[in-house]
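Q: turn this into a model:
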Amino acid sequence: MARVILLVVFFFLIPTQVQAQLCDRQTLVVSELESQLGKPCVSWTANDLISIRKLSLYDKGLIKIDSHDLAGLTQLEILNLNKNKLIDLPEDLLKFTPKLKRLYLTENHFRSLPQMFFHFTPYLVEVVLSKNAITHLPFNLFHRLKKAKVIDLRENQLQSIHENQFSQNLELEVLNLHDNQIQQLPSKAFLQNTHLRSLHVSGNLYSELPDDIFLPLKELTLLNIGHNPNLDTLSKKLFLNLSELRQLYISHSPKLTEIPEDLFEHTPGLRTLNLSSNSLTKISDKLFTNLTGLYGLYLNHNDISDIDPLAFSQLTEIDIIDLHYNKNLKVIPQQLFLGLIKLRVLDLSYCGLIDFPVGLSRELKKLWILDLKGNQFSLSIKELLQEEWRSTLILN
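A: Sure, this is the predicted structure:
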């Protein structure tokens with residue numbers, strides 16, 4: 001009889017203990033899992049948890065999270081912890097999620113990550129750590145992530161990057177370091193990232209970049225090095241190996257007053273070039289010679305006063321030229337826009353123009369916006385412009 005009672009207790013007690021373990025999580029986590037599974041945690045089974053592929057704890061007010069909150073989620077692929085109040089993350093947080101592929105930790109408050117944080121997640125392909133307060137990272141933090149394709153560290157407070165920080169991420173395609181406080185980038189920082197296609201190192205504090213820092217990046221199509229208050233020098237060899245580059249942003253760097261004439265010699269595939277909001281004063285005839293496929297050129301908000309008449313002569317595919325807010329630009333050379341038969345948008349607003357070439361409408365037949373407002377034209381010049389350009393012209 002005693003044996004029968006013990007067996008009955010065993011069969012009733014064990015399931016109860018299992019259920020208690022499955023429910024042993026923060027209330028916020030339990031609530032989200034109950035919502036996904038459509039039943040209370042006391043009814044969960046291990047197979048229920050295994051079935052979950054995505055867990056979003058976005059904006060739940062989480063102050064902390066531990067590994068037991070994720071226990072049993074062995075098939076989880078996407079974890080969203082964005083916009084919480086997390087300050088410290090335990091080193092073993094992800095030990096029960098070995099199949100994790102995408103991790104989002106944007107808009108929290110942590111300053112670093114434990115050295116072995118990614119030890120249990122070798123299949124991660126996307127890691128987003130943006131908009132935190134990260135000041136430093138262990139040099140080998142990402143070394144376990146052999147399959148990582150996207151690492152996003154923008155809008156943190158990083159002051160430096162170790163030269164081996166990304167040395168093991170051989171499949172990396174997108175790296176975003178925008179808006180940190182990095183004062184120097186090592187020349188070998190991206191040596192092993194030969195498949196990188198998009199790189200943002202903008203919004204930092206370095207004054208120059210090593211000549212060969214981008215040399216290994218033969219597949220790079222987008223590069224942003226702008227928004228840098230200290231950048232004052234660009235090496236003519238900086239883009240030596242970037243023949244696949246399509247979009248280049250070197251903007252919002254007020255100490256940048258000149259650009260080497262042959263800087264773009266090895267980037268013939270450029271489609272978009274943004275040089276706006278610097279302090280450029282002169283555009284030479286050789287600067288854009290090799291950019292025959294360029295589609296959009298942005299030179300607005302500089303101090304340009306001198307443009308060589310042949311500066312744009314090779315831009316046969318150009319669609320947009322933006323020169324607005326160059327206050328010292330008084331005169332446009334007669335030849336400057338000749339041959340630009342595909343040009344559709346030309347913005348010269350709020351410059352210091354007192355004159356404008358006559359007869360250009362015969363050359364720029366596809367132009368549908370000519371913005372000349374905010375200049376210093378006489379009444380007679382305005383009348384001539386209105387007569388020639390009619391509906392194309394924006395003058396007031």
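
Q: okay, now the unreliable bits of the chain?
A: Scanning the chain for pLDDT under 70 picks out 1-20.

Q: now do the helices for it: every range, in order, please.
A: Along the chain, counting by DSSP state H, helices occupy 2-22, 27-37, 46-50, 379-389.

Q: so what touches the last one?
A: Residues from elsewhere that reach helix 379-389 (Cβ atoms under 8 Å, 6 or more residues apart in numbering): 354-356, 358-361, 370, 372, 377, 393, 395. (Glycine included, C-beta is placed from N, CA and C.)

Q: make TSV from those and add neighbour count and distance to Glu383 to it.
A: Conversion of these to TSV gives the following (neighbours: other Cβ atoms under 10 Å; distance: Cβ to Cβ, whole Å):
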residue	neighbour count	distance to Glu383
Ile354	12	15
Asp355	13	13
Phe356	20	12
Val358	11	12
Gly359	8	15
Leu360	20	16
Ser361	16	15
Leu370	22	15
Leu372	23	13
Phe377	16	9
Leu393	19	11
Leu395	15	10
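
Q: farthest-apart pair in these, please.
A: Ile354 and Ser361 (19.9 Å; Cβ to Cβ).

Q: quick revisit: so which of the contacts of helix 379-389 are in strands?
A: Cross-referencing the contacts of helix 379-389 against strands under DSSP state E gives 370, 393.

Q: and the contacts of helix 379-389, which is closest to Gln192?
A: Among these, and counting by Cβ to Cβ, the member closest to Gln192 is Leu370, at 48.1 Å.

Q: pretty sure the closest one is touching Ser391, no?
A: No. In terms of Cβ atoms under 8 Å, Leu370 does not count as a neighbour of Ser391; the distance is 10.1 Å.

Q: what's around Phe118, how many residues?
A: By the measure other Cβ atoms under 10 Å, the count of residues near Phe118 is 23.

Q: next one: the residue nearest to it when sequence neighbours are not counted from Asn169, what distance?
A: Leaving aside its sequence neighbours, Phe118 sits nearest to Arg144 (Cβ to Cβ, 6 or more residues apart in numbering; 4.8 Å). To Asn169, Arg144 is 10 Å away according to Cβ to Cβ, to the nearest Å.

Q: next: Leu336.
A: From Leu336 to Asn169 the distance is 45 Å (Cβ to Cβ).

Q: just Leu287 next, same as before
A: 35 Å.

Q: and for Pro40?
A: Taken as Cβ to Cβ, the span from Pro40 to Asn169 is 42 Å.

Q: neighbour count for these two, which is higher?
A: Between Pro40 and Asn169, counting by other Cβ under 10 Å, Asn169 is the more crowded of the two (25 against 12).

Q: I figured the more buried one hits Val150, correct?
A: No. Taking contacts as Cβ under 8 Å, Asn169 lies outside contact range of Val150: 10.0 Å.
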